[in-house]
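Q: Take this sequence and fold it.
(2 chains)
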Amino acid sequence: MTLFLQQVLNGLTLGGVYSLVALGLTLVYGILHVPNFAHGAFYMAGAYVSYYMMTSLGVNYWLAMGAAAIAVAALSMLADRLVFHPLRNAPELHDMIAAIGIMLFLEAGAQALWGADFHRMPTPYGQMVEVLGLTAPAQRLLIIAAAFGLMVLLHLFLTRTVTGSTIVAMAQNREGAALVGIDATRVTLLVFAISGALAAIAATLYAPINLVYPSMGNLVITKAFVIIILGGMGSIPGAIVGGLIIGMAESFGGFYVSTDYKDIIAFVLLVAILSIRPQGLFASKAA
Amino acid sequence: MSNVLQGKTGWALLLALAIVFPLVTPNSYYLTVMTLAFIYAIATLGLNLITGYTGQLNLAHGGFMAIGAYTLGILTVDHQVPFWGAFVLSGVVCMAVGYLVGVVSLRLKGHYFSIFTLCIGYIIYLLIEKWESLTHGTVGLIGIPVPASVGPLVFDNVQAQYYLVLFFLVAGTFLMHRIVTSLLGRSFMAVRNSDALAEALGINLMRTKVLSFVLSVSYAGFAGALYAGQVRFLGPDIARTDLTFDMVMAMLVGGTGTLLGPLLGAVLVPWVTQTLQFLQDYRMLVFGPVLILLIIFVPDGIVGSWAKRQARRAAAARRGGKSRAQPAGTPVVANPNANAANAANAGADHA
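A: Numbering: from 1, shown residues only, chains lettered A, B, ... in the order given. This is a model prediction of the structure:
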């Protein structure tokens, strides 16, 4: 039973991180209909910025996380202005290839700046905590709390504020939103900023129990794609539910089936589901 | 003048250059680079069939090249299958896997297809890395034999290898030419321009797409097998997604949806990489932005842009009214551009 609960805890940790990354991806897709392959590189950049702040500048964990969020949000907005905005009328193939270009550039950039080595990020929450007879590293509990807290915040922002509503409106109907006076350029920038910040926070949360290296974003981003396909591209609840499904599947699959193949589980799940339902699990009619 | 370079004369000239190249090159290193470039050109030719002509960006193409390479490697090293038997099988295995993947993945459209194939690419990579009993995992496959001799032809030196690969490149290009100028090629392009339109014309969408996919990955498979015979060592790295991105870039530099484009790109990109060798791992620092600039400013690539210019000139000449009788070759050149413009419109409609 304890082992089972331990896997649930692991699944929630993984699921929380995946959901945060997938949320950023799905927000951008909802607005621009661009699968942002560079999102994984943003995630990686976030981890590196925090790592650099903490080890070289000795900044506190939370401050480093904030700095990473701001830095990556700026990076993400820059990518929109320089790359996606000029391509807004191009065929979809072009957006995808440009996103790949950004990803390759950022990965090589990280490697040039910080080397190809693996780094371990320090954390002030290294101790073990006992909860209901379960021992868990504090970092994992922190991830769960922060991830789900952020999701609630994002939900409140999107539904309760005017700025948030403009994002939802744009995602629902671009022309309609423009007609009622919503500035598409500003909303797109805002979405890219939120998406980048979410990726940076997710990376800073997850990095202490994982490692920091230039291609760390690749696996996470492909899994995030699996998640938003499962959940329906552009759907916010879909990204959260999808993230939890993949997190749980990996945690239980890694424990009960084989740790070697745990990274494949997400992809096999995707292949299996899309073979039966090509439109995804919770796809909306609009897709 | 430039019309002379078009059509058969141009191709003959290119072939002549390729044949003469080993005789004028100063050392065998350049020859090896060129041989590898030709192998990538074969694979890129295949990628261009599904992406350039049929309009589906397949991000698992490098994975299929790895399947071809590993099939040859495993069969020759672990099971002592003769080289050419294994060579044929590596294409067949690729086509079989491609058929299965295609049937599932081509039900998805646009972004979904690309993301799905990206995941397939990862599955292939992870399987090669983890399935140690079959693929030797990260240790890799060592001691793959060189291509066996055919009659009096022996392929144990660099020059012979070069001509062997060149032979396959020429054969592959010729075959591709026959495919894209046939009715089948036309139906591929119809699918690229508009799914709905193609279906209205009576084209079986699914069958056409799967056929294009299977043909395309067979090029990757044979290229992979040649790669294995040339490099003679295989590690899981060959299945990394970087390889696919390299091929996408080569295709883009040359020009998608043209026959010459991917060849030119695939030969050009490794040479540029060679000259940028001091950058080594950081070459993407240059190539990433180049890829973005290309897609924004020169989306048709070298060959595409050139053909477009030619078409514009021809049109201007026609408007001038003087030379009504254009050579028969011109409409053929003009056609891909009309299609490209249609594809752009179709893409904008989807967005």
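Q: Check what pLDDT residue 113 gets.
A: No chain specified, so I'll use chain A. Note for A:Leu113: predicted pLDDT of 84.
Q: oops, chain B please
A: Reported pLDDT for B:Phe113: 86.
Q: Near the nearest residue to it once chain neighbours are set aside, how many residues? Count them for me, please.
A: In this structure, B:Phe113 finds its nearest non-sequential neighbour in B:Gln56, 5.5 Å apart by Cβ to Cβ, 6 or more residues apart in numbering or on different chains. C-betas here are computed from N, CA, C, even on glycine. Neighbours of B:Gln56 under the rule other Cβ atoms under 10 Å in any protein chain shown: 25.
Q: looking at it, A:His94 is touching B:Pro299, isn't it?
A: Yes - between A:His94 and B:Pro299 there is a contact under Cβ atoms under 8 Å: 6.0 Å.
Q: Could you pull up phi and psi at B:Gly55?
A: phi 80, psi 20 (degrees, to the nearest 10).
Q: Which residues are in contact with it?
A: Neighbour list for B:Gly55: A:Leu93, B:Val191, B:Arg192, B:Asn193, B:Ala343 [criterion: Cβ atoms under 8 Å, 6 or more residues apart in numbering or on different chains].
Q: what packs against the helix ranked longest in chain B?
A: Longest helix of chain B, by residue count under DSSP state H: helix B:205-231. Under the contact criterion of 3 or more Cβ pairs under 8 Å, 6 or more residues apart in numbering or on different chains; DSSP states H and E, helix B:205-231 touches helix B:28-48, helix B:61-78, helix B:83-105, helix B:158-181, helix B:183-193, helix B:195-200.
Q: If you count neighbours, what's buried in the first one?
A: In terms of neighbour count (16 or more other Cβ atoms under 10 Å in any protein chain shown), helix B:28-48 has its buried residues at B:30-31, B:33-48.
Q: can you check the third one too?
A: Along helix B:83-105, these residues count as buried under the neighbour rule (16+ other Cβ under 10 Å): B:83, B:86-87, B:89-91, B:93-95, B:97-98, B:101-102, B:104-105.
Q: of the residues you listed, closest to A:Val34?
A: B:Ser105 (20.1 Å; Cβ to Cβ).
Q: Share the number of residues neighbouring B:Ala18, please.
A: The burial count for B:Ala18: 17, using other Cβ under 10 Å.
Q: quick revisit: out of the helices and strands packed on helix B:205-231, which gets nearest to chain A?
A: Of all those, helix B:83-105 sits nearest to chain A, with 5.0 Å by Cβ to the nearest Cβ.
Q: returning to what we had before: what pLDDT, on average, does the longest helix of chain B get?
A: Here the average pLDDT along helix B:205-231 is 91.
Q: One more: stretch B:244-260?
A: Mean predicted confidence for stretch B:244-260 is 84.
Q: what's the answer for stretch A:244-252, then?
A: The model assigns stretch A:244-252 a mean pLDDT of 88.
Q: Whatever helix or strand B:Leu14 lives in versus helix B:28-48: what angle between them?
A: Here B:Leu14 sits within helix B:7-24, counting by DSSP states H and E. Helix B:7-24 and helix B:28-48 meet at an angle of 150 degrees, taking axes from the mean of the first three to the mean of the last three Cα atoms, to 10 degrees as the criterion.
Q: Just want the angle from helix B:7-24 to helix B:158-181.
A: In terms of direction (the same axes, to 10 degrees), helix B:7-24 departs from helix B:158-181 by 170 degrees.
Q: picking up where we left off before, may I ask which two of the contacts of B:Gly55 are separated the most?
A: So, the contacts of B:Gly55 by Cβ to Cβ: farthest apart are A:Leu93 and B:Val191, at 14.0 Å.
Q: ok, the residue positioned nearest the centre of chain B - contacts?
A: The residue lying closest to the centre of chain B (Cα atoms, centre = their mean) is B:Thr44, at 1.5 Å. Residues in contact with B:Thr44 (Cβ under 8 Å, 6+ apart) are B:Met247, B:Ala250, B:Met251, B:Pro262, B:Leu263, B:Gly265, B:Ala266.
Q: out of those, who's nearest A:Gly126?
A: B:Met247 (44.1 Å).
Q: Now that closest one: which helix or strand?
A: helix B:241-254.
Q: Can you give me the buried ones in the following helix or strand past that helix?
A: Per DSSP H and E, the first helix or strand lying C-terminal to helix B:241-254 is helix B:260-275. Within helix B:260-275, the residues that qualify as buried are B:Leu260, B:Gly261, B:Pro262, B:Leu263, B:Leu264, B:Gly265, B:Ala266, B:Val267, B:Leu268, B:Val269, B:Pro270, B:Thr273, counting by 16+ other Cβ under 10 Å.
Q: mind checking the end-to-end distance for stretch A:120-129?
A: Using Cα to Cα, to the nearest Å, one end of stretch A:120-129 lies 21 Å from the other.
Q: Same check on stretch A:204-217?
A: Start-to-end, stretch A:204-217 (Cα to Cα) is 12 Å.
Q: So which bits of it are buried?
A: Result for stretch A:204-217 [16+ other Cβ under 10 Å]: buried residues A:Thr204, A:Leu205, A:Tyr206, A:Ala207, A:Pro208, A:Ile209, A:Val212, A:Tyr213, A:Pro214, A:Ser215, A:Met216, A:Gly217.
Q: again with stretch B:298-308
A: Applying 16+ other Cβ under 10 Å to stretch B:298-308 flags B:Pro299, B:Asp300, B:Gly301, B:Ile302, B:Val303, B:Gly304, B:Ser305, B:Trp306, B:Ala307, B:Lys308 as buried.
Q: What is the distance between that stretch and the centre of its chain?
A: In this view, stretch B:298-308 has its centroid 17 Å away from the chain centroid, taken as Cα atoms, centre = their mean, to the nearest Å.
Q: likewise stretch A:87-102?
A: Using Cα atoms, centre = their mean, the offset of stretch A:87-102 from its chain centre is 20 Å.
Q: Thank you, goodbye.
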